[in-house]
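A.B. asks: Need coordinates for the following:
(one chain, ligands or ions: 1)
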Amino acid sequence: MSTLSDLIDADRWIDRLVQQRGHLPESAQLGVVEDELRRRVAELKVRDGARANAAAALEQSQQHSDPLRQRLATLRAAASSATGGARDLVALEKEISHIASDVARYDDQELVLMEALEPLEAAVADLKRDTQPLIAQRAALGATIAELQASIDEEMAAKRVERDAVAAQLSEVVRRAYDEALRRAGVSGGAYVDGNRCDGCRIALSPLDLDRWRQGSAAVSACPECGRVLVPCSS
Ligand SMILES: [Zn+2]
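C.D. replies: As a prediction, the model looks like this:
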């Protein structure tokens, strides 16, 4: 029975490794970090949208105001070197005054737009800066998880070699019953009788089943509930 016990122990060990690999605390931490990163990406999209709208409004205003400023500069240069008659000069001054008031209106508007844009740009930059440590944490956790998984995989591969060697020592009939139970019940194809219970499924065996199992009349005694091959408790 010791071979069967060794096989049960090896398979349970392998199952623990599988569970360990699937439930690394670092994986849970990575999940939390990734959720937070997703939340921040969504927040960044909102902030950047507001920034882009404000920047577009400023640009649109400048597209109108810049030609006016150039025109104003040209007219002022013309006025300072004017050689024409007084009437021409008056018309020139009138146009300058008209354009200057338009430019002043645009200046006021663009100052307001720039003041609105500044905190929006800062909000985007702040969020990007504050998110850097999280991005670094995600990378570090990813590397740690890969390392831990590689180490578990290595141990699991060695354990599988060991378990296959043990399984090869079993008789054909026991091994087939064990493999079949392993396929159906998972974890291991055998279980220990602990008191009057199968320790694979924790079901109490009937006195009749216990008697039959103790007598060992059948080549393979299986738990009537989970089908695992029953062996005496190892402790
Ligand atoms: Zn059972």
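A.B. asks: Packing partners of the helix or strand harbouring residue 119?
C.D. replies: Element membership for residue 119, per DSSP states H and E: helix 86-167. In terms of contacts (3 or more CB pairs under 8 Å, 6 or more residues apart in numbering; DSSP states H and E), helix 86-167 is packed against helix 2-22, helix 25-80, helix 172-185. The way it works is simple: take the backbone N, C-alpha and C, and place the C-beta from them, glycine included.
A.B. asks: Which one of the ones you listed lies nearest to the ion?
C.D. replies: For the ion, the closest of those is helix 172-185, at 7.4 Å, according to CB to the ion.
A.B. asks: Close to the ion: what parts of the protein are there?
C.D. replies: 198, 200, 201, 223, 225, 226 (CB under 5 Å from the ion).
A.B. asks: what are the phi and psi values for the fifth one?
C.D. replies: Main-chain torsions, residue 225, degrees, to the nearest 10: phi -90, psi -60.
A.B. asks: Also the last one?
C.D. replies: Main-chain torsions, residue 226, degrees, to the nearest 10: phi -100, psi -10.
A.B. asks: Just the buried residues of stretch 78-89, please?
C.D. replies: By 16 or more other CB atoms under 10 Å, the buried positions in stretch 78-89 come out as residue 78.
A.B. asks: what's it in contact with?
C.D. replies: 92, 93, 96 (CB atoms under 8 Å, 6 or more residues apart in numbering).
A.B. asks: of the residues you listed, buried ones?
C.D. replies: Neighbour counting by 16+ other CB under 10 Å classes 92, 96 among those as buried.
A.B. asks: got the contacts of stretch 78-89 as TSV, with pLDDT columns?
C.D. replies: Below are the contacts of stretch 78-89 laid out as TSV (pLDDT from 0 to 100):
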residue	pLDDT
92	91
93	93
96	96
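A.B. asks: Thank you kindly, that will do.
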